[in-house]
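Asks: below are the sequence and a predicted model for it; my questions follow.
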Amino acid sequence: MSYGMNHDRLSWGDALFLYLEREGMPLNIASVSVFEGRIPLVTCRKFIESKLPKVPRYRQRIVAPPLNLAFPTWENDPEFDIRNHVRQVRLKCGTEAEFKEVAGKTLSTTLDREHPLWDFILIQGLRGDRTGVVARVHHCLADGIAGVGLMNVIMDQGPQVSELPRKQGHFSTAHRPDPWAEMVDLGISSYSNVVERILGAQAEVLDLAERIVADEEEWPIQQLIRLLPELARPTERLFFNISYRGPQKFAWVQIPMEEIQAVREACGATHNDVVLTLVTAAVRRYAQLHGDVVRKRLLRIMVPVNVRGDEHVSKLGNRVSLLPVTIPLDLRNPRRLLSAVRERMEFLKLAHVAELVNVAGGLMGAFPTSLQALAGPVASQLPITPFNLVCTNVPGPRSPLYLLGQKMLHWYPYVPVGGDMAVNCAVLSYNGNSYFGLSGDVHAAPDLGRLATFLRLSFEELKLAAGVKRSRDRARQPVSAPSRPTLLRGKPFPASACTSSARAPAKEMKHDQLAAGMAAD
């Protein structure tokens, strides 16, 4: 299937990521993966270039119209060179720590807008005769669902390596119209677009109102009265909700899907419920470690929601809305926390909040594009905290993918950070595991690895509360406890770092108890 072009001009949702991006604050989606064996650079370039006819956008760059009178367009890059997009970095020591450091530095840089907005970087020299890959694509080109679809197109489904074609197809460059004629045409189309968006938004509001009224009998009134005040409350900043400065750090965690499935079945929850429960519990520990009081506090998480409907994932661009999930931060009991998450997710879905947000976004897109382009970089620096963090959960392939015959062993997703959301989380299911990618500003979260540790600890605690044992594979692995840091900002590591001031069961698993019961990644 060709990962083809939808329209030559960007949509409002796609252009928004261009407008919000500023120097030093890249808005790319990405992944950091590990492959068995060594992947040669020259062969990899030829292989990926042979796949480009299936992904025409990968040969196109962004071209902004005069005075930003309309949204930018996709046009073929007349100077396209695969060497600008497939490169390699060689590690000195090959350790995982060095790998994470290189990945963080790579993810901290913006893509060159003079060329197609993607790259594929091989990380050579990883210990264990392995190759790392950092794959990036600008958020204006794809969301998480489409990003996974892109990787499915580029990668092979098996270890067999097909013969590469010798020649590539010809890609013509677009003819630029007369500038004055183009400005007149853009001015007329921009006005028509604004009117069309307003009328479209009105139709969506009426349709949504009809659906809400139709579901009125299903609304739990007591739940509505109790949870609406949570949604109305302003977001309370945590220690990492500071203006993004960069560069970034990247950390990761891997959890077997088999164990998550066991927790789901034991607690009657969804995969997303479990993910949000783990993230909330880990953030609680992390916030307390840095001196934040969590009693009677709420954590507000932006959860992207796929709104493609019947549209195939091969459709590029952003097809997401969002849910503002507000969760009590002081619930120590894992099962009570999971129940609270499940209740709020069900309430938000029943209230059609994602659809309401989508309609509001459509109205915002009706503003003149020239104003949006000017306001975007300014808005990204305002001290506004609509959410504490983003947590996106994307389903990936259940079977392994291959690159030039080498199997992808691990696949850690990345979601960008920016504004006052200087720590975010992305989750991707792949080949029997859920991979958590944690991104953070080095100034807001210099010890991001501890958040990863707390996430593992929180899952062990949730499994214990749900009565779930470790899978056989993990039980056979050697046990090694993560190193326990002794200093934080010049102060001793607090004994209460992994506890909460809220009411809880008599026993809560401590840091060392949890570490002793879990396997090293």
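Replies: Nice, I can see it.
Asks: tell me the contacts of the nearest residue to T110 once chain neighbours are set aside?
Replies: The shortest distance from T110 to any non-neighbouring residue, by C-beta to C-beta, 6 or more residues apart in numbering, is to P26 (4.3 Å). To be clear about C-beta, it is placed using only N, CA and C from the backbone, and glycine gets the same treatment. By C-beta atoms under 8 Å, 6 or more residues apart in numbering, P26 lies in contact with L107, S108, T109, T110, L111, P416.
Asks: save those residues as JSON lines, and put in pLDDT and secondary structure too.
Replies: Below are the contacts of P26 laid out as JSON lines (pLDDT from 0 to 100; DSSP: H, G, I helix; E, B strand; the rest coil):
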{"residue": "L107", "pLDDT": "95", "secondary structure": "helix"}
{"residue": "S108", "pLDDT": "95", "secondary structure": "coil"}
{"residue": "T109", "pLDDT": "94", "secondary structure": "coil"}
{"residue": "T110", "pLDDT": "94", "secondary structure": "coil"}
{"residue": "L111", "pLDDT": "95", "secondary structure": "coil"}
{"residue": "P416", "pLDDT": "93", "secondary structure": "coil"}
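Asks: between those residues, which sits nearest E75?
Replies: Distance to E75 across these (C-beta to C-beta) is lowest for L111, with 16.2 Å.
Asks: list the buried residues of stretch 252-270.
Replies: 252-253, 255-257, 259-260, 262-264, 266-267, 269 (16 or more other C-beta atoms under 10 Å).
Asks: keep only those of these that are in strands.
Replies: W252, V253, I255, P256 (DSSP state E).
Asks: that older thread, would TSV of the buried residues of stretch 252-270 with distance to D447 and pLDDT be doable?
Replies: Below are the buried residues of stretch 252-270 laid out as TSV (distance: C-beta to C-beta, whole Å; pLDDT from 0 to 100):
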residue	distance to D447	pLDDT
W252	15	96
V253	15	96
I255	21	97
P256	26	96
M257	28	96
E259	26	96
I260	26	96
A262	31	96
V263	27	96
R264	31	95
A266	32	95
C267	31	95
A269	30	95
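Asks: the host helix or strand of L451 packs against which elements?
Replies: For L451, the host element (DSSP states H and E) is helix 448-466. Secondary-structure packing of helix 448-466 (3 or more C-beta pairs under 8 Å, 6 or more residues apart in numbering; DSSP states H and E): strand 248-256, helix 257-267, helix 271-289, helix 334-350, strand 433-441, helix 511-516.
Asks: tell me the mean pLDDT for the fourth one?
Replies: Along helix 334-350, the predicted local confidence has a mean pLDDT of 91.
Asks: for that helix, packing partners?
Replies: Counting contacts by 3+ C-beta pairs under 8 Å, 6+ apart, helix 334-350 is packed against helix 221-232, helix 257-267, helix 271-289, strand 320-328, helix 448-466.
Asks: poorly predicted segments of this protein, please.
Replies: Counting by pLDDT under 70, the chain has low-confidence residues at 1-7, 164-225, 307-320, 354, 358-383, 470-521.
Asks: make it 80
Replies: Along the chain, the model assigns pLDDT under 80 to residues 1-7, 12-13, 66-70, 143-147, 162-232, 306-321, 350-384, 469-521.
Asks: for it, which segments count as helices?
Replies: In the chain, the segments counted as helices under DSSP state H are 12-20, 41-51, 96-107, 144-154, 179-214, 221-232, 257-267, 271-289, 334-350, 353-364, 369-379, 448-466, 472-476, 511-516.
Asks: quick revisit: orientation of the helix holding L451 relative to helix 96-107 in degrees?
Replies: Computed by axes from the mean of the first three to the mean of the last three C-alpha atoms, to 10 degrees, the angle separating helix 448-466 from helix 96-107 equals 110 degrees.
Asks: quick one: helix 448-466 to strand 433-441, angle?
Replies: Using the same axes, to 10 degrees, the direction of helix 448-466 lies 140 degrees away from that of strand 433-441.
Asks: how near is V423 to A452?
Replies: Distance of V423 to A452, computed by C-beta to C-beta, to the nearest Å: 11 Å.
Asks: identify the contacts common to these two.
Replies: L438.
Asks: mind picking the two most distant members of the ones in strands among the buried residues of stretch 252-270?
Replies: Maximum pairwise distance among those (C-beta to C-beta): 14.5 Å, between W252 and P256.
Asks: contacts only, for F71.
Replies: R9, L10, S11, W12, D14, A15, P65, T369.
Asks: from these, which would you call buried?
Replies: Among the contacts of F71, those classed as buried by 16+ other C-beta under 10 Å are L10, W12, D14, A15, P65, T369.
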